[in-house]
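Colleague: need a structure here:
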Amino acid sequence: MVSTWSLLLLLWVLLEAMASRNNMLLSHKVIGEPCHSHEECQSNCCTTNSLNPQKFCTAQTIFLQCLSWLKPNGHLCLKSAECHSNCCTINHIKESSFCTTRNLFLQCVPWRKPHGSRCKGHEECQSRCCLNLGDTQRTWCVPRTGVLALCLPL
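Modeller: Coordinates of the predicted model:
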């Protein structure tokens with residue numbers, strides 16, 4: 001016959017096993033759950049995934065790296081590493097830097113002034129067209145015109 005001590009010992013072992021299993025489940029959060037450190041996540045990756053500073057459990061890459069969320073084009077940035085395109089370009093109107101795209105040759109596309117902005121040369125404008133539109137000495141960024149899309153006065 002089983003003694004009382006044996007039953008108590010078996011009950012204690014079962015309770016310890018259940019407690020350690022619950023602690024393990026609580027300490028390993030799934031992808032998408034809020035976290036503070038890598039150890040909390042099943043994937044061992046706790047990173048930001050938006051402009052929100054809150055961190056969440058995220059998946060690892062095939063190289064077992066944790067990748068942080070990177071800003072898309074148009075968002076303010078301080079350095080290129082913050083941007084998905086790895087391009088952080090200065091906006092001369094607001095004197096701020098923004099994430100910008102890359103061209104076909106993987107070079108960062110420089111920011112250019114929109115139509116209607118004052119300019120000093122063609123290179124400053126999106127259209128690459130800076131013209132004097134009147135009797136004043138001021139020049140403005142204007143869209144290209146004509147069938148051949150030339151930089152001609154309107």
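Colleague: contacts, neighbours, all on C-alpha from now
Modeller: Will do.
Colleague: Enumerate every residue touching residue 115.
Modeller: Shown in contact with residue 115 (C-alpha atoms under 8 Å, 6 or more residues apart in numbering): 125-127, 140-143.
Colleague: ranges for the helices of the protein?
Modeller: 4-27 (DSSP state H).
Colleague: Can you give me the domain assignment for it?
Modeller: 25-69, 70-111, 112-145 (automatic domain parsing).
Colleague: Next, format those domains as TSV and append mean pLDDT and distance to residue 5.
Modeller: Shown next, in TSV, are those (pLDDT from 0 to 100; distance: least, C-alpha to C-alpha, whole Å):
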stretch	mean pLDDT	distance to residue 5
domain 25-69	82	30
domain 70-111	84	59
domain 112-145	84	82
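Colleague: can you put those in JSON lines and add distance to residue 151?
Modeller: Shown next, in JSON lines, are those (distance: least, C-alpha to C-alpha, whole Å):
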{"stretch": "domain 25-69", "distance to residue 151": "40"}
{"stretch": "domain 70-111", "distance to residue 151": "19"}
{"stretch": "domain 112-145", "distance to residue 151": "5"}
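Colleague: Of these, which is nearest residue 152?
Modeller: domain 112-145 (6.2 Å; C-alpha to C-alpha).
Colleague: in the closest one, what's buried?
Modeller: Buried residues in domain 112-145, counted by 16 or more other C-alpha atoms under 10 Å: 112-115, 118-119, 122, 124-132, 139-144.
Colleague: now swap in stretch 97-104 and tell me
Modeller: 97-101.
Colleague: Quick check: of these, which lies closest to residue 36?
Modeller: residue 99 (27.2 Å).
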